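K.L.:
Model the following, please.
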Amino acid sequence: MAKTLPGTTIAVDWNKPEEAETLLNSLFLAGGLMLSQVASLTGLEPYVIQNWVRRGFVAPPERKRYSRRQFSRIVLINMLKDSMQLDKICALLSYVNGDLDDESDDLIDDTQLYLYFVRLVVLVERKNPTGPEEAAQWCRAAVEDYQEPVPGARDRVARCLHVILTAYLAARLKQEAEALLSALT
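P.N.:
Below is the predicted model:
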């Protein structure tokens, strides 16, 4: 069952969820990605990515190359923008990572946050959570191996993931509603 990683154009087989991390790793073997590559892999226009950097949502690229961490931030924002306003997305990411254009204050690397989210998507592809409490349990379980840099960080990351998962589910429902509507007309 091939689909794309959320927020990207990258095809992945959900029967092999470990493939997601392998694919992301392979993208950065030669270093960072150029703006055109990030745009191609996310389906975003280059000016949108540049605008996010200018507005401080993403740290500026070094020597015109985006790191894995920056790419993951862009992918998270891209995925969340389908169901949340940009200022709300930034508030959510700031909840776990402080100043968005300063990586030194992050509780979690954006790549790790994204990979935790991908684990949750694998579960959702098999069965939707029965409600908010089950979704919260999934999020707490997803971060069991997370090493807290400060006390309480694991709980903050789990709550952030719960919001991300809920936004993802909302975006899926919105797509289903639009498909149903277009079938009516």
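K.L.:
Would you map the helices across the protein?
P.N.:
Remark: helices assigned in the chain by DSSP state H are 18-27, 35-42, 46-54, 68-80, 86-97, 110-126, 132-142, 153-184.
K.L.:
For the ones you listed, could you give me JSON lines that also reports distance to E103 and mean pLDDT?
P.N.:
Heads up, the C-betas are built off the backbone N, CA and C, glycines and all. Shown next, in JSON lines, are these (distance: least, C-beta to C-beta, whole Å; pLDDT from 0 to 100):
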{"stretch": "helix 18-27", "distance to E103": "17", "mean pLDDT": "84"}
{"stretch": "helix 35-42", "distance to E103": "17", "mean pLDDT": "97"}
{"stretch": "helix 46-54", "distance to E103": "13", "mean pLDDT": "96"}
{"stretch": "helix 68-80", "distance to E103": "7", "mean pLDDT": "95"}
{"stretch": "helix 86-97", "distance to E103": "8", "mean pLDDT": "94"}
{"stretch": "helix 110-126", "distance to E103": "8", "mean pLDDT": "92"}
{"stretch": "helix 132-142", "distance to E103": "22", "mean pLDDT": "96"}
{"stretch": "helix 153-184", "distance to E103": "15", "mean pLDDT": "93"}
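K.L.:
Of these, which stretch is the most buried?
P.N.:
The highest average neighbour count among the helices of the chain, using mean count of other C-beta atoms under 10 Å, belongs to helix 68-80 at a mean of 23.
K.L.:
What lies in contact with that one?
P.N.:
For helix 68-80, the external contacting residues (C-beta atoms under 8 Å, 6 or more residues apart in numbering) are 5-8, 24, 27-28, 32-33, 38, 41-44, 49, 52, 57-59, 61, 66, 86, 89, 92-93, 100, 103, 109-111, 113-114, 117, 164, 167-168, 171.
K.L.:
Please tell me how far the residue nearest the centre of the chain sits from L100.
P.N.:
Centroid-nearest residue in the chain, with C-alpha atoms, centre = their mean: L76, separated by 2.9 Å. Counting by C-beta to C-beta, to the nearest Å, the gap from L76 to L100 is 11 Å.
K.L.:
Overlap in contacts, those two.
P.N.:
Each of L93 lies in contact with both L76 and L100 under the rule C-beta under 8 Å, 6+ apart.
K.L.:
now the helices of the chain in a markdown table, with distance to V12?
P.N.:
Converted to a markdown table, the helices of the chain look like this (distance: least, C-beta to C-beta, whole Å):
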| stretch | distance to V12 |
| --- | --- |
| helix 18-27 | 5 |
| helix 35-42 | 12 |
| helix 46-54 | 22 |
| helix 68-80 | 13 |
| helix 86-97 | 23 |
| helix 110-126 | 8 |
| helix 132-142 | 17 |
| helix 153-184 | 15 |
